[in-house]
Each structure stands twice: as C-alpha cells, then as structure tokens.
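[1] next input, structure requested:
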Amino acid sequence: MFDDLDTDRRPLVLIWEVTQACELACRHCRADAQPARHPDELTTAEGKRLLEDAADFGDGQLVVLSGGDPLAREDLFELIRYGDELGLRMTITPSGTRSLTPERVRELADAGVKRMALSLDGASAATHDAFRGEESFEDTLAAAAAARDAGLPLQVNTTVCADTVEELPAIRDRVRELDAVLWSVFFLVPVGRGRVLDPIAPDRAEGVMEWLQAVAAEERFGVKTTEAPFYRRVGLQSEGEAGGARRRGGITAGRGFAFVSHTGEVYPSGFLPEAAGNVRERSVVDVYRNADLFEALREPDDLKGKCGACEFRQVCGGSRSRAYAETGDPLASDPLCPYVPEGYDGDLPARQVGTGGEHGAESDELVDPAD
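    Here you go, the predicted structure:
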C-alpha cells in the first residue's frame with residue numbers, strides 16, 4: 001500500500017470543472033465562463049466513469065466540483081451522490097448567485113458534499129461586486145449562512161491582485177464572522193479574463209505572505225495559499241528552519257494537484273492549461289502518474305533559474321502555472337517570488353529585476369488595522 005500522501009501516486013486535490021456555464025462574468029475568471037453549457041461537456045455516464053477512476057487513487061480521494069457554476073448541471077446531485085457512494089470526499093465551489101438558495105445548500109449537504117467553497121473578493125457589496133462586475137455579495141453571504149445552518153463546512157476563496165490586496169484585512173474579518181474553516185488565498189495567475197488584471201509586485205507579495213502567516217497563528221480558521229507555494233518558504237524562514245528539510249512539499253500543479261476540464265482534458269492545474277491526456281481516452285489515474293508533463297512537474301531538481309537553485313525547492317517549487325503563463329515554460333522560475341538563493345547569480349524573472357531583495361519592502365507590507 002502506498003503512502004496516502006505520496007504525490008507521485010495520487011493528487012491530494014483533484015478538480016473536475018463540470019461545466020463552464022455560469023450566470024456571472026467575473027473579471028478574473030480563469031474559465032472565461034459563458035451563460036450556456038458547452039455541447040461537448042462530459043456526459044453523466046462519462047462523469048461517473050471519471051469518478052470511478054478517481055476512486056482508484058485510493059480511499060477518500062478529494063474531488064472538487066468546480067466551474068463555471070456546477071449548479072448549471074441538472075445531474076449535479078446525481079454525480080455528487082455517486083461520488084459519495086464510491087467513497088470520494090466530494091466538495092464543491094458554486095457561484096454566489098440567486099440560484100444558490102438555502103434549500104439548494106441543504107440539498108448539497110444531503111447529497112454528500114463534505115465542504116463548500118464560496119468566493120469573497122471584497123468585504124462589502126461595493127468592493128466585492130465591483131471586482132466581480134456582478135451583484136453577488138449578498139447572495140454569497142446568504143449561502144454562507146445556509147451552509148452554517150446545514151452543518152456544511154465552509155471555505156472562503158479570495159483573489160489577490162492590485163484591485164483587492166487592500167481589502168484583505170477586512171475580508172479576514174468576514175471569514176471569521178462566517179465561521180469558515182479555511183481561507184484559501186489565490187494569488188492571480190494571468191489566464192482567462194484575469195489577463196486584464198494587475199498582479200501585485202513580488203515585494204508586496206512577500207509582505208502579504210508574512211501577514212498571512214500571522215493570521216494563521218491568530219485565527220481559528222486555517223489559511224492556505226493557491227498558486228503561491230512560497231508561503232511555505234516564508235513560514236519556514238520565520239521559524240528559522242533553514243532549507244525546509246523537515247517538512248513535506250506543498251501542492252503545486254501536477255504535484256499533488258490535477259484538473260479535469262469540462263470536456264475531459266487533464267491539466268496539471270486549471271491555471272496551467274497544457275493537456276496531458278483526456279479522460280475519454282485514458283484514465284485520470286494513468287495520466288496523473290505517467291504522463292510526461294506530470295512527471296516533469298514532480299521533479300523539483302529539474303526546475304530552472306533561481307527556483308532550481310533554491311534550497312526551498314522541495315517544499316515550495318514555485319507556481320508552475322504562473323511560470324507557464326508568463327514564460328511559456330512550466331519549469332521556469334516563479335516571477336512572483338522575490339527570494340533569491342544565496343550565491344545565485346543567474347537570470348531573474350523580468351518583473352523581479354530591480355526589486356527590493358529577498359525579504360520584501362517594509363513600506364509595502366500589508367498591515368492589519370486591528371494590530
């Protein structure tokens with residue numbers, strides 16, 4: 001029996017984008033979601049085969065149903081119940097729309113959903129709705145309250161970019177008020193509609209990471225980052241653990257993470273849309289374990305530039321999705337991380353040239369007004 005956390009054998013997170021249909025048209029949408037469902041989406045039968053294959057990864061495989069808005073599929077509850085019967089840990093990321101009524105939230109819980117994730121990109125209707133370009137704030141809060149009433153654990157997802165970074169302290173307060181179990185903080189990758197948004201600078205990102213480490217120590221809810229694995233490096237440095245040899249590696253695209261598109265393409269991540277196979281032709285287990293792209297992404301020693309030279313590459317490894325989006329090479333250095341390994345004298349990502357060095361700029365650090 002293999003190690004349950006062996007990311008060479010199984011993804012810790014398997015996302016299935018069940019549809020790209022959605023009532024919203026958010027400014028940062030990776031999927032560039034549209035109102036109507038795509039005619040070539042995986043059918044109910046194909047979706048069930050995918051879930052059967054996912055169960056072959058091992059007991060309790062985590063499956064995230066995403067979109068678009070998963071509720072756009074009429075067979076959603078059938079798929080959830082089927083995955084639950086297979087022993088999968090079924091979770092979901094619905095859109096905060098009027099269709100996500102308290103009754104539907106209860107139905108999700110009854111069907112077997114183990115956790116629901118909702119997006120908050122602002123702490124008020126004015127900021128959240130302005131970022132998303134749609135009125136979804138009140139619907140999102142109502143769905144969060146319904147999840148609490150249904151006993152369904154809630155995760156809050158937040159996008160970090162130039163438009164949202166100042167809202168983070170206030171969003172933190174909202175996460176606490178909503179009794180969320182986890183705050184997942186996503187650092188923008190320029191794909192889909194998100195290409196028009198401005199990311200924060202590397203030095204600013206370092207300051208946000210340091211602040212998030214403090215938040216994690218102070219709050220009852222957990223904190224994780226998405227597409228920013230150097231959060232782990234920042235934590236290790238704050239603890240004085242040089243090299244990070246005493247911790248497992250985090251989840252990065254293709255290493256503990258896999259994504260199945262609405263048409264069955266298997267990607268290392270939804271933010272790294274380089275297909276390694278299709279579940280209509282090949283088991284997702286086979287693609288994850290044996291496809292060349294996935295195998296390459298699981299070799300931190302093969303990374304290039306300063307990521308390849310970094311002593312934290314085993315526990316961090318950089319965002320492979322951001323490297324791909326900005327350079328076309330998934331093994332290149334993560335341009336958001338400002339850390340430069342001691343003695344490294346090679347090329348730096350273009351956006352890092354002239355930045356403030358490995359520890360970030362004090363004047364740019366995010367400060368919680370409550371401190």
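[2] what ranges do the helices span in the protein?
    According to DSSP state H, the chain carries its helices in the segments 44-55, 76-85, 102-111, 125-132, 137-150, 168-177, 202-218, 230-239, 284-290, 292-297, 305-309, 320-327.
[3] any idea which of those helices is most buried?
    Highest mean neighbour count of those: helix 320-327, a mean of 24 (counted as mean count of other C-beta atoms under 10 Å). (Each C-beta comes from the backbone N, C-alpha and C, glycine too.)
[4] how far off centre is that helix?
    Taking the mean C-alpha point of helix 320-327 and that of its whole chain, the gap between them comes to 15 Å (C-alpha atoms, centre = their mean, to the nearest Å).
[5] and if you look at stretch 52-64?
    Once both centres are worked out by C-alpha atoms, centre = their mean, stretch 52-64 turns out to sit 18 Å from its chain's centre.
[6] now the end-to-end length of it.
    15 Å (C-alpha to C-alpha, to the nearest Å).
[7] equivalent analysis for stretch 154-174, please.
    From the first residue to the last, stretch 154-174 extends over 12 Å; the measure is C-alpha to C-alpha.
[8] residues contacting Asp228?
    Just so we're on the same page, residue 228 is Ala rather than Asp. For Ala228, the contact set (C-beta atoms under 8 Å, 6 or more residues apart in numbering) comprises Val185, Phe186, Phe187, Ala205, Met209, Ser319, Leu336.
[9] typed the wrong thing, it's Leu154
    Leu154 touches Arg115, Met116, Ala117, Leu118, Ala144, Ala147, Arg148, Leu178, Asp179, Ala180, Val181, counting by C-beta under 8 Å, 6+ apart.
[10] run the last query once more with 7 Å
    Under the criterion of C-beta atoms under 7 Å, 6 or more residues apart in numbering, the contact list for Leu154 reads Met116, Leu118, Ala144, Ala147, Arg148, Leu178, Asp179, Ala180, Val181.
[11] which one of the residues you listed is nearest Leu168?
    Closest approach between these and Leu168, by C-beta to C-beta: Ala180, at 14.4 Å.
[12] pLDDT score for the nearest residue to Pro102 once chain neighbours are set aside?
    In space, Pro102 comes closest to Ala146 once its chain neighbours are excluded; the distance is 3.8 Å by C-beta to C-beta, 6 or more residues apart in numbering. According to the predicted model, the pLDDT of Ala146 comes to 97.
[13] ok, back up a step: closest to Glu52 out of the contacts of Ala228?
    Set against Glu52, the nearest of the contacts of Ala228 by C-beta to C-beta is Phe186 (29.9 Å).
[14] what's the local residue count around that closest one?
    Burial of Phe186, expressed as a neighbour count using other C-beta atoms under 10 Å, amounts to 21.
[15] I'd say it and Thr159 touch.
    Yes. Distance between Phe186 and Thr159: 5.1 Å, which falls inside the contact criterion (C-beta atoms under 7 Å).
[16] dump the residue contacts of the residue nearest to Asp334 when sequence neighbours are not counted.
    Across the structure, with C-beta to C-beta, 6+ apart as the measure, the residue nearest Asp334 apart from its sequence neighbours is Gly318 (3.1 Å). Residues in contact with Gly318 (C-beta under 7 Å, 6+ apart) are Pro229, Phe230, Leu303, Cys307, Ser333, Asp334, Cys337.
[17] how about 8 Å then?
    Taking C-beta under 8 Å, 6+ apart as the criterion, Gly318 is in contact with Pro229, Phe230, Thr252, Leu303, Cys307, Cys310, Ser333, Asp334, Cys337.
[18] for those, which one is nearest Leu236?
    Relative to Leu236, and with distances defined as C-beta to C-beta, the nearest of the contacts of Gly318 is Phe230, at 10.0 Å.
[19] kindly provide the distance from the residue nearest to the spatial centre of the chain to Val260.
    Using C-alpha atoms, centre = their mean, the residue of the chain that lies closest to the mean C-alpha position is Thr226, 4.2 Å off. Taking C-beta to C-beta, to the nearest Å as the criterion, Thr226 is separated from Val260 by 17 Å.
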